[in-house]
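Novice: need the 3D shape of this:
(chains A and B)
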Amino acid sequence: MVNGRKALREALLRTVQRPRPWALRYLLMTLPALALVMVASPLLTAWFRTPLLSEALETRSLDLLLEFGTNLAASGPEGAWAALALLALPIVWLLVRGLWLLVEGGALTTYASATPPTLRNFLTACWRWFGAFFLLSAVWFALVALLLGAALVLGLWVRELWRPASTLISVAVALGMAVSWIWVEVARAVAVVRDQRHVFRLLRSAADVLRRRALTLFGLCAAVLALRMLLAWISAALARAVPFSWWLADVVIQQIIQIAIVGLVLLRRAGEVGIVKAALTGEAQGGAAV
Amino acid sequence: MARFSRLGLSVSPLRYLVLRLLAECALVALFVGPASVPLVRASSHGPVASSGDPPPEVASYNITARYDPVERRILASEVGTYHNRTLEPIFDLVFHLYLNAFRSDDTLWLRESGPQHRGFNYDPNHPGWMEVEEIRLVDGTLLELEAVDDDATLVRAALPEPVAPGQLVTVQMAFTAQLPRVFARTGWADGGDFVMAGQWFPKFGVWENGAWNAYLFHANSEFYADFGSYEVAVTLPTGWQVGATGTLQGKPVENLDGTVTHHFLADHVVDFAWGASPHFRTQERIVDGRRIAVLHYAHQRGVADRVMEATVGAFELYERWYGPYGGGLYPGLTVILVPENAGGAGGMEYPTLFTVGALGLAGSPPCVRFVEAETVHELGHQWFQSVIATNEAEAPWLDEGFTEYSTARAMRELQPGGVVTCGGWTMSYLYVDRLVYRMTPETPMAGKAWELGAYDVAAYAKPALALSTLERRVGEGAMLDFLRLYTERYAFAHPGAEDVRVVMAESLGQDIADWFFDAFVSSDATLDARVVELTPSTVEFAHEGALCVPVSVVLARDGGRDVLPWSCESFLREGVEDLSAVRIDPERVALVDLNWANNGARLRTDWASWLGFTSRLLRGLQALFRGGGGW
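Specialist: Now for the predicted structure:
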């Protein structure tokens, strides 16, 4: 029997004992960010000869920050650089998200294998699953678009009849998006565990796993979500407590938190793989409860 | 009227520019048409010391009204009495029929406005209008009403005999008020189940100095009226809750036709408004013997709690600063939180009643307190609009400006963190005014409401910043002394700008009063103080614009700092040793300085801040690339 607690414990062990996906994911997130920062930040040093900006950041004053921002045009070429950096962001974002999806196959294979894969096997898995995972993501986006469209039509129709409808519809849409996302994630896990790439079969199997292991899966997700919220709260509290100019303390604290957040994401993935493996093994053994 | 009517404009420069363009087109239209000509020339009041005097009842009304929720109209009879307290006889009567401004989309009001108001569109399928079926003197003499303008927002009736000084004239009339779908403070929503009746009855102009002070209804203008006593009976369907100016008299009377009549009495007020709905719930609080009620829909309970807290908090502050609520004469206060689809009726003040909800902020998080600020602003009008009762058509800044200043001040005390305190970042209420002001700073405060190029700046933002600048210059204590003297002396007295100037001179000194009025009220001058050059031994400041606010400058050296007064003249100092940084006006006394970012300079980069910024930029980008909140 795989319960939520056991799934979480086993996932934690897998995540910690097989740290390659964790390290890769952190680097994939950090290196592009660092590259952008190293390009953009030195261009902005002139801003920090303006006492107003230092004061705005130190006192966390939106008044002064807005004042500085709305006068950027008059402050020299830095404003243009900042605008250019903003324009580059969506492109870099797409690239990073693509790379993240590429690594997903390797990460899930790492957690699904009896022994940690070699680097070569890891990279092969990344490539092998990329296409299927990409299609699964596309399916999710299509689902979300459908969901939002239906909610919009329904909302406009019902709003006049019953006032709380829009709130209920918003909650239902959020729930629908979350469940469909877990569905797609489970489908990825099924793909790796079953070595199967047919997207619709994967979705069907995932739906079956989701139905049979709903409590365990949502228990795992709820636990990870709770930990994520705790991290967010700690991060926000520390960000407020650490003075702006204590940059070294901020870097250390916040990077530890970033690493922990990436770990949590992978903890859930490892847990899902564990649950899927157990479910499919049980199925192979005659559908007994696992 | 709420400054919130314009908040959407304030924070969206593009929208603001578009609307301003429309307003300017409307002004051009005014110059080519006769509609902007006032009926009579108003003359300013002299100072009227009224402290301790019972307020005069000049224009009094007895109205019996029945609301039809199907037709969304009010059928009413009105007995109006005007007391000629001047030394000049009155030869005719003048009435405002405000609702006629919404009769069709080609009225003066709607041509000036767009036709929209605060981002809410006028619905030509559901217009508003008012018709007086008959008007007679009490002796039965029939009077003839003559429209002054094409829209008949102002009508005149010649009298068979003049009303001598000290005499009264009483007229009785029957009228129908067709309410529009909620627009510009008044109307119905929810298919007729919500009604906010503002500017809904024929109302006397103001007779002063031998003429009627009464203007056509313009988009950028509010109201001016005499004090009076109102007895109003409002008949509504059974089960409806109603909030109105004044106090409810006895229990509502159930009629045989399934309706209920609510009787209200209000003394010493300049207007009467009411709002009703079968969906209203009521929250109540007693503050020093005065009943404060918040009427709201059931699903708005959370917002209503916030509105009540803000009302009670600011009520106590305003009483401490400006004297008793309603000059000690008003027994209660009603707040109507309008439903989301009636935002056009929100953010408006009437005597003993105001509405909230102009921004439709039902779902605003607790760290964003614009609904509280809107409440505090509308409450402030209870002192400046309802009791001091300046002429909002001729000098809108005297009401909106003082109220806006008071809002900023009250919000500072009630919410020390600011009007926004999200994620550890804060924004002050006054900064919203600064953002608005900086869009059109070349705007004098004085002028008729519809002649001001940028009404938001002239009536709200600039006066709030100017009064706050004055406060920072003279100190909070002196400012409060001045305001207390002004509010006490001119309670129920309709002061003008010159009266404010006199009190300011008396309280803060003639120099200060002259400076304030010359620099801000009548002037379109601006101010931008900036550091031109900084080297280790030389510093140069420049002052651009003709507006001068004396401030201090700080010269920081490696071994210490000098603080010097600066009165706007060119400033060049050479031969200073080891200069490291300079700052003009570090306390930000000059809230009207167009650019604070150029007020200071350092010789060396603040590396600690830069690294702190870099660290946070890295984290922000990591979060962005991680996506989905790390999920």
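Novice: can you read off the pLDDT for B:Ala23?
Specialist: Looking at B:Ala23, its pLDDT stands at 35.
Novice: what's the nearest residue to B:Leu87 once chain neighbours are set aside sitting at in phi/psi?
Specialist: Spatial nearest neighbour of B:Leu87, excluding adjacent residues (C-beta to C-beta, 6 or more residues apart in numbering or on different chains): B:Pro165 at 5.1 Å. From N, CA and C alone the C-beta is placed, and that goes for glycine too. B:Pro165 adopts backbone torsions of phi -50, psi 130, taken as degrees, to the nearest 10.
Novice: likewise for B:Thr259?
Specialist: B:Thr259 has phi and psi values of phi -110, psi 170 when expressed as degrees, to the nearest 10.
Novice: who does the nearest residue to it once chain neighbours are set aside bridge with?
Specialist: Leaving aside its sequence neighbours, B:Thr259 sits nearest to B:Thr235 (C-beta to C-beta, 6+ apart; 5.0 Å). Beta bridges link B:Thr235 to B:Arg66, B:Thr261, judged by DSSP bridges.
Novice: neighbours of B:Thr235, how many?
Specialist: Neighbourhood size, B:Thr235 [other C-beta atoms under 10 Å in any protein chain shown]: 21.
Novice: separation between it and chain A?
Specialist: 27 Å (C-beta to the nearest C-beta, to the nearest Å).
Novice: now that residue: how far from B:Ala244?
Specialist: Distance of B:Thr235 to B:Ala244, given as C-beta to C-beta, to the nearest Å: 13 Å.
Novice: now do the shared contacts for these two.
Specialist: Residues touching both B:Thr235 and B:Ala244 (C-beta atoms under 8 Å, 6 or more residues apart in numbering or on different chains) are B:His262.
Novice: so is the helix or strand containing A:Lys277 next to chain B?
Specialist: A:Lys277 belongs to helix A:247-284 when assigned by DSSP states H and E. Yes: Helix A:247-284 reaches chain B (C-beta under 8 Å from any C-beta of the partner chain) through A:247-248, A:250-251, A:254, A:258, A:261-262, A:264-265.
Novice: quick revisit: am I right that the residue nearest to B:Thr259 is in contact with B:Leu256?
Specialist: No: using C-beta atoms under 8 Å, B:Thr235 makes no contact with B:Leu256, being 11.8 Å away.
Novice: ok so, going back, what's the mean pLDDT across the helix holding A:Lys277?
Specialist: Here the average pLDDT along helix A:247-284 is 90.
Novice: just stretch B:242-256 next, same as before
Specialist: Mean pLDDT, stretch B:242-256: 97.
Novice: which parts of it are buried?
Specialist: Within stretch B:242-256, the residues that qualify as buried are B:242-247, B:252, counting by 16 or more other C-beta atoms under 10 Å in any protein chain shown.
Novice: ok, now stretch B:271-289?
Specialist: B:271-277, B:279-281, B:283.
Novice: could I get the residues you listed as CSV with distance to chain A and secondary structure?
Specialist: Converted to CSV, the buried residues of stretch B:271-289 look like this (distance: C-beta to the nearest C-beta, whole Å; DSSP: H, G, I helix; E, B strand; the rest coil):
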residue, distance to chain A, secondary structure
B:Asp271, 31, coil
B:Phe272, 30, coil
B:Ala273, 25, coil
B:Trp274, 23, strand
B:Gly275, 18, strand
B:Ala276, 18, strand
B:Ser277, 13, strand
B:His279, 9, coil
B:Phe280, 14, strand
B:Arg281, 14, strand
B:Gln283, 19, strand
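Novice: tell me the one of the residues you listed nearest A:His198?
Specialist: Nearest to A:His198 among the buried residues of stretch B:271-289 is B:His279, at 54.6 Å by C-beta to C-beta.
Novice: quick check: closest non-adjacent residue to that closest one.
Specialist: In space, B:His279 is closest to B:Tyr297, 5.1 Å off (C-beta to C-beta, 6+ apart).
Novice: count the residues that sit near the one you found.
Specialist: 21.
Novice: okay, it and B:Leu337: tell me how far apart.
Specialist: On the measure of C-beta to C-beta, B:Tyr297 and B:Leu337 end up 7 Å apart.
Novice: now the common contact residues for those two.
Specialist: Common neighbours of B:Tyr297 and B:Leu337 (C-beta under 8 Å, 6+ apart) do not exist.
Novice: quick one on the thing from earlier: dump the buried residues of stretch B:242-256 to JSON lines, plus secondary structure.
Specialist: Shown next, in JSON lines, are the buried residues of stretch B:242-256 (DSSP: H, G, I helix; E, B strand; the rest coil):
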{"residue": "B:Val242", "secondary structure": "strand"}
{"residue": "B:Gly243", "secondary structure": "strand"}
{"residue": "B:Ala244", "secondary structure": "strand"}
{"residue": "B:Thr245", "secondary structure": "coil"}
{"residue": "B:Gly246", "secondary structure": "coil"}
{"residue": "B:Thr247", "secondary structure": "strand"}
{"residue": "B:Pro252", "secondary structure": "coil"}
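Novice: tell me where the model's unsure across chain B.
Specialist: For chain B, applying pLDDT under 70 flags the ranges B:1-54, B:361-363, B:628-631.
Novice: check which helices and strands the lengthiest helix in it sits against.
Specialist: Longest helix in chain B by number of residues, with DSSP state H as the criterion: helix B:301-322. With contacts defined as 3 or more C-beta pairs under 8 Å, 6 or more residues apart in numbering or on different chains; DSSP states H and E, helix B:301-322 has these neighbours: strand B:280-287, strand B:290-297, strand B:332-337, helix B:370-383, helix B:402-414, helix B:476-489.
Novice: pLDDT on the host helix or strand of A:Val184, on average?
Specialist: Following DSSP H and E, the helix or strand that holds A:Val184 is helix A:165-194. Helix A:165-194 comes out with an average pLDDT of 90.
Novice: right, and the helix or strand after it?
Specialist: helix A:199-212.
Novice: I'd say the residue nearest to B:His279 and B:Pro339 touch.
Specialist: Yes: with contact defined as C-beta under 8 Å, B:Tyr297 counts as touching B:Pro339 (5.3 Å).
Novice: and for the two, which residues touch both?
Specialist: Shared contacts of B:Tyr297 and B:Pro339 (C-beta under 8 Å, 6+ apart): B:277, B:279.
Novice: for the closest residue to B:Glu394 other than its chain neighbours, give its distance to chain A.
Specialist: Excluding its sequence neighbours, the residue lying closest to B:Glu394 (C-beta to C-beta, 6+ apart) is B:Lys448, at 5.6 Å. In this view, B:Lys448 and chain A are 31 Å apart by C-beta to the nearest C-beta.
Novice: how far out from the middle of the chain is stretch B:356-365?
Specialist: In this view, stretch B:356-365 has its centroid 18 Å away from the chain centroid, taken as C-alpha atoms, centre = their mean, to the nearest Å.
Novice: of the helices and strands packed on helix B:301-322, flag the one that's most buried.
Specialist: Of all the helices and strands packed on helix B:301-322, helix B:370-383 carries the top mean neighbour count, a mean of 27, counting by mean count of other C-beta atoms under 10 Å in any protein chain shown.
Novice: what's that one packed up against?
Specialist: helix B:301-322, strand B:332-337, strand B:348-350, strand B:353-356, helix B:402-414.
Novice: output the first one as PDB, nothing but the C-alphas.
Specialist: In other words, helix B:301-322. Once non-C-alpha atoms are left out, helix B:301-322 reads as follows in PDB (Å, rounded to 0.1, in the frame of the first residue of the first chain):
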ATOM      1  CA  ARG B 301     -20.100  42.500   4.100                       C
ATOM      2  CA  GLY B 302     -16.300  42.300   4.200                       C
ATOM      3  CA  VAL B 303     -15.900  45.700   2.300                       C
ATOM      4  CA  ALA B 304     -18.700  47.200   4.500                       C
ATOM      5  CA  ASP B 305     -16.600  46.200   7.600                       C
ATOM      6  CA  ARG B 306     -13.600  48.100   6.100                       C
ATOM      7  CA  VAL B 307     -15.800  51.100   5.200                       C
ATOM      8  CA  MET B 308     -17.200  51.200   8.800                       C
ATOM      9  CA  GLU B 309     -13.800  51.100  10.400                       C
ATOM     10  CA  ALA B 310     -12.500  53.800   8.100                       C
ATOM     11  CA  THR B 311     -15.600  56.000   8.800                       C
ATOM     12  CA  VAL B 312     -15.300  55.700  12.500                       C
ATOM     13  CA  GLY B 313     -11.600  56.200  12.500                       C
ATOM     14  CA  ALA B 314     -11.700  59.300  10.300                       C
ATOM     15  CA  PHE B 315     -14.800  60.600  12.000                       C
ATOM     16  CA  GLU B 316     -12.900  60.900  15.300                       C
ATOM     17  CA  LEU B 317      -9.900  62.500  13.600                       C
ATOM     18  CA  TYR B 318     -12.000  65.100  11.800                       C
ATOM     19  CA  GLU B 319     -13.900  66.000  14.900                       C
ATOM     20  CA  ARG B 320     -10.600  66.500  16.700                       C
ATOM     21  CA  TRP B 321      -9.200  68.700  13.900                       C
ATOM     22  CA  TYR B 322     -12.200  70.500  12.500                       C
END
